[in-house]
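Chemist: Just a sequence and a predicted model for now, questions to come.
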Amino acid sequence: MALKRPKGPAGRLVVLPHTSSVLKGNPLGDPHARNLAVWLPPHYDAEEKRRFPVLYDLVGFTGSGLSHVNWKPFGDNVPERAARLIREERMGPVIIVFPDCFTALGGNQYVNSPAIGNYADYLTREIIPFVDRQFRTLASREHRGCFGKSSGGYGAIIHGMKYARYWGAIADHSGDCYFDFAYWTDWPHTLNELAKHRTPKRRAGKYDARREARRKGLADGRDDGRIKRFLEHVWKKEKLTTAEGHCIMNLCMAAT
């Protein structure tokens, strides 16, 4: 793969606009009109009456469906890899769908969340029927699967458990799991990052956090507004620091 030279039919990538009623009015104000990328195998145009199974690619945190169809140096993007595997007869021809489920918090876990939006419903109630209407699919769960890595892997296995009537197969690669353990060490750093946005600023010296919380009427652990101030700060930036990236990731997981 050192030389990016096609060795056979590459298939065809189609990008379609889709307007979602499920995502309209979502809590983060994210767009409900999004582009949906769909890769069609070489056989799609060559065999005009044939119908095809469909795979849905669920990308990881901070990813978007379109990111998996971008050009890659010295390697394959997902459509190129699928085309190569089909040419090598290591897999059969399939349609691959790349949904865009990015959010202002960097993504989601492909579930319904009152704090982020109903992305499980978006996939199952809107995107699947939309794809089945637009393309020559084998429109049944037996011929439909989803796969993903990290947050996408978590989404795939959750959809396999909770939405099995839509999916006949799933693949979970390094999916998020055991959140209390996986993100345990990140929380002190997250709290330190959020502390930069407290008001008023803390004075130097000893500090009794519980007494201060009681004084402000926040003894039950309610946020004093620093999360909102942090998000307003990072949403204005061109590039996040590593600490800010980890912080928004934890906020996203908590919101999910």
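Modeler: The structure has been received and is ready for your questions. Numbers count the residues shown, from 1 in each chain.
Chemist: next structured bit after the lowest-mean-pLDDT helix or strand in the chain?
Modeler: Sorting the helices and strands of the chain by mean pLDDT, DSSP states H and E puts helix 209-215 at the bottom, at a mean of 73. Remark: after helix 209-215, the chain's next helix or strand is helix 226-235, criterion DSSP states H and E.
Chemist: re the thing from before, chain center to the least confident helix or strand of the chain: distance?
Modeler: 38 Å (C-alpha atoms, centre = their mean, to the nearest Å).
Chemist: Adjust the sequence numbering to begin at 282 for everything that follows.
Modeler: All set: I'll call the first residue 282, so the last point we hit is now helix 490-496.
Chemist: For it, C-alpha coordinates in PDB please.
Modeler: The C-alpha coordinates for helix 490-496 follow below in PDB (Å, rounded to 0.1, in the frame of the first residue of the first chain):
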ATOM      1  CA  ALA A 490     -14.600  22.300  49.700                       C
ATOM      2  CA  ARG A 491     -17.600  21.000  51.600                       C
ATOM      3  CA  ARG A 492     -18.000  24.200  53.700                       C
ATOM      4  CA  GLU A 493     -17.700  26.300  50.500                       C
ATOM      5  CA  ALA A 494     -20.300  24.200  48.800                       C
ATOM      6  CA  ARG A 495     -22.700  24.500  51.700                       C
ATOM      7  CA  ARG A 496     -22.100  28.300  51.700                       C
END
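Chemist: remind me which residues of the stretch 332-481 of the chain are low pLDDT?
Modeler: Judged by pLDDT under 70, the stretch 332-481 of the chain has no weakly predicted residues.
Chemist: can you map out the helices along it?
Modeler: For the stretch 332-481 of the chain, the helices defined by DSSP state H, counting those that start in this stretch occupy 359-368, 400-402, 409-415, 432-443, 460-463, 467-476.
Chemist: for the third one, packing partners?
Modeler: Judged by 3 or more C-beta pairs under 8 Å, 6 or more residues apart in numbering; DSSP states H and E, the packing partners of helix 409-415 are strand 314-321, strand 335-339. Glycine gets a C-beta too; all of them are placed from N, C-alpha and C.
Chemist: now the first one: mean pLDDT?
Modeler: Okay, so that is strand 314-321. Average pLDDT, strand 314-321: 98.
Chemist: Sheet partners, orientation included, of it?
Modeler: Strand 314-321 pairs in its sheet with strand 293-300 (antiparallel), strand 376-379 (antiparallel), by DSSP bridges.
Chemist: Also the shortest one?
Modeler: Applying DSSP bridges, strand 335-339 is found paired with strand 376-379 (parallel), strand 425-430 (parallel).
Chemist: quick one, which of these is packed in tightest?
Modeler: Mean neighbours per residue, mean count of other C-beta atoms under 10 Å, is largest over these for strand 376-379, with a mean of 24.
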